[in-house]
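Novice: need a structure here:
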Amino acid sequence: MSLHRLALRLAAVEALCPAAYEATGPYPTLAGSLVYDSRQVPIDQLAPDKPRPVLLVYTEEDKGTPWGSGRHRPDEVLVTLVVEALIAARGTVLIDLPDGSTDTVGVADVGPTDPEHEALLDVLEAQVRYILDARQPAPSAALYRRIAREVRSVESVPLRDAEKTTRLAFRTISFSVQVKTTEWPAPGQPAGLPEPLRTVAEALPEGSYGRRICDRVAGLVPTPPGLVPLEAVDIFAGIGRMPTAEDYDLRAVPGAT
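Specialist: This is a model prediction of the structure:
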């Protein structure tokens, strides 16, 4: 399980739309409460002919390099955090049904960009970059800064239509973020969420979307294995020959005096 990705994603969503202000604001970006974790735009949140800024948050690539002669797992990894910024309204599309009839269903309609939409996207992207820059003191990003140790690079790419001829009101912003890798509780410790997800869960308000996700995951994580009792420690040394099982220089037995 790469639960550090979940920790980063939930912390980013919290930074872009704090759970405590989700219903009433104030909001740190033009998207307001329309900030979503790993999902398409909910159609019921949009209105026809009234485009609104929306943010969608994902995590994608996860890279870490083992270290040392023993190839130990990396302590830190680079995770690609993706924020899709778009201007969308509620639209409709005609679909063919299996019986040969047709039906109209609602969709999130992202139209061609124009000077006004492009300016809105520029402001929205600037807000996202500021909030998710671990060096900046954005008030809503205190939890995010505890998870994101460093942002190595940022890339912003516009979206075009299927024919690649029309630029849409949609941008994909990718952050390469250094985070601590998932650290499970040590053997013999009580069962619980690993770090850094535990830090995120403890910081999110009870009943919030992110906290509910953490609570659900907590019921799925394995219990740490118990400690194996130590019976003895044998230390052998041989001079000019290999030691045998009958040789010992020091024998440590728990409880012995």
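Novice: Could you list the low-pLDDT ranges of this protein?
Specialist: Applying pLDDT under 70 to the chain flags residues 1, 67-73, 92, 104-107, 224-227, 234-257.
Novice: Go ahead and name everything in contact with the longest helix seen in it.
Specialist: Longest helix in the chain, counting residues (DSSP state H): helix 115-131. Identification of contacts with helix 115-131 by Cβ atoms under 8 Å, 6 or more residues apart in numbering yields 15-16, 28-31, 51, 53, 55, 83, 85-87, 111, 113, 136, 138, 140-141, 144, 154, 156, 169-171, 173. For every residue, glycine as well, the C-beta is placed using N, CA and C.
Novice: following that helix, which helix or strand shows up next?
Specialist: Downstream of helix 115-131, the first helix or strand assigned by DSSP states H and E is helix 142-147.
Novice: which residues sit against that next one?
Specialist: Helix 142-147 has contacts (Cβ under 8 Å, 6+ apart) with 7-8, 11-12, 14-15, 131-132, 134, 179-180, 196, 199-200, 203-204.
Novice: picking up where we left off before, taking the contacts of helix 115-131, please make a ChimeraX selection of just the buried ones.
Specialist: Buried residues among those (16 or more other Cβ atoms under 10 Å), as a ChimeraX selection:
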select :15,16,28,29,30,31,51,53,55,83,85,86,87,111,113,138,140,141,144,154,169,170,171,173
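Novice: Now do stretch 89-104: distance to the chain's middle.
Specialist: 35 Å (Cα atoms, centre = their mean, to the nearest Å).
Novice: ditto for stretch 79-87
Specialist: Mean-position distance between stretch 79-87 and its chain equals 11 Å (Cα atoms, centre = their mean).
Novice: now the contacts of helix 142-147: which count as buried?
Specialist: Among the contacts of helix 142-147, the ones that count as buried by 16+ other Cβ under 10 Å are 7-8, 11-12, 14-15, 131-132, 134, 179-180, 196, 199-200, 203-204.
Novice: Report how many residues lie close to the residue lying closest to residue 198 once chain neighbours are set aside.
Specialist: Excluding its sequence neighbours, the residue lying closest to residue 198 (Cβ to Cβ, 6 or more residues apart in numbering) is residue 192, at 6.4 Å. Each residue near residue 192 was counted by other Cβ atoms under 10 Å, and the total is 15.
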